[in-house]
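1. no sequence for this one, just the structure:
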Ligand SMILES: Nc1ncnc2c1ncn2[C@@H]1O[C@H](COP(=O)(O)OP(=O)(O)OP(=O)(O)O)[C@@H](O)[C@H]1O
């Protein structure tokens, strides 16, 4: 469980990135922080592993205030996935994945064999392990980034725009795989994205932010779609978009679903 308790961050230049944010991420959930640029998503994410220190309030992971924990140990115990994987270019893929366990004292051989298993878990062949990051596609690098973040066996995985650098089709694949992976490994995942469709596709719970890390609305994708709280939320989720609005037409005894522009979307069974 991750508890944000009236947590805030004012940067030294006076920018209030997050005013006062209170929210609890339950174990085994995928939570997406969504909002427009500058709404404080990355700041909030980084306060969990202390890459950013809050200027007020606190963040608790598994009941412990992260401010009381050793920073380096904390960072190693929480997986962090960056856009485009954030891999070390001069190390092979397998070494990229094995780095944290080796730093944690796992023997090199064991770490490498665990890394090979992790690569398979994220859908890469062990042979890919011998390549360097630049020899992989963006989507493959992203998978390596996930494998690397999982290598320290963290309970919490933080992901910052993890699929931002890949094309829409690969992006959708990676989103689906993240859901599958999370079902298998049961980690708690907090994901930052500016893409509401990605949040709806991947997350169990969505936190929609305004500037200053203010929660405009939080809930399951279904709850938010069914009851957008105000016009800001409606605009952000595209509630009025044709592809969000369906109706049913009867044609020849069958019920056809059409979108807001009247384009056929499917058959109602
Ligand atoms: N080191 C810093 N010093 C000063 N201001 C900062 C710093 N880092 C971020 N900010 C400011 O804090 C606010 C929130 O930034 P943050 O990166 O958390 O937003 P975000 O929602 O992740 O944005 P984006 O989607 O563009 O990445 C922005 O106004 C940003 O300019």
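-> Yep, that arrived. Everything quoted here is computed from the prediction, not taken from an experiment.
2. CA atoms for contacts and neighbours, from now on please.
-> Fine.
3. For the residue sitting nearest the centre point of the chain, give its distance to the ligand.
-> The centroid of the chain falls nearest to residue 191 when counting by CA atoms, centre = their mean (2.0 Å). Between residue 191 and the ligand the computed distance is 11 Å (CA to the nearest ligand atom, to the nearest Å).
4. mind checking the SS state of that residue?
-> strand (DSSP: H, G, I helix; E, B strand; the rest coil).
5. Between the two ends of stretch 252-267, how far is it?
-> 12 Å (CA to CA, to the nearest Å).
6. now the strands for the stretch 151-269 of the chain?
-> Using DSSP state E, counting those that start in this stretch, the strands of the stretch 151-269 of the chain run over residues 156-160, 188-193, 205-210, 214-219, 246-251, 254-259, 264-267.
7. what residues are up against whatever residue of the stretch 101-250 of the chain ends up closest to the ligand?
-> Distances between the stretch 101-250 of the chain and the ligand by CA to the nearest ligand atom are smallest at residue 194, namely 6.0 Å. Counting by CA atoms under 8 Å, 6 or more residues apart in numbering, residue 194 makes contact with 34-37, 161.
8. how far is the lengthiest helix in the chain from where the chain is centred?
-> Longest helix in the chain by number of residues (criterion: DSSP state H): helix 168-185. Chain-centre distance of helix 168-185: 11 Å, with CA atoms, centre = their mean, to the nearest Å.
9. Dump the strands of the stretch 151-269 of the chain to a markdown table, plus mean pLDDT.
-> Shown next, in a markdown table, are the strands of the stretch 151-269 of the chain (pLDDT from 0 to 100):
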| stretch | mean pLDDT |
| --- | --- |
| strand 156-160 | 93 |
| strand 188-193 | 95 |
| strand 205-210 | 97 |
| strand 214-219 | 98 |
| strand 246-251 | 91 |
| strand 254-259 | 92 |
| strand 264-267 | 91 |
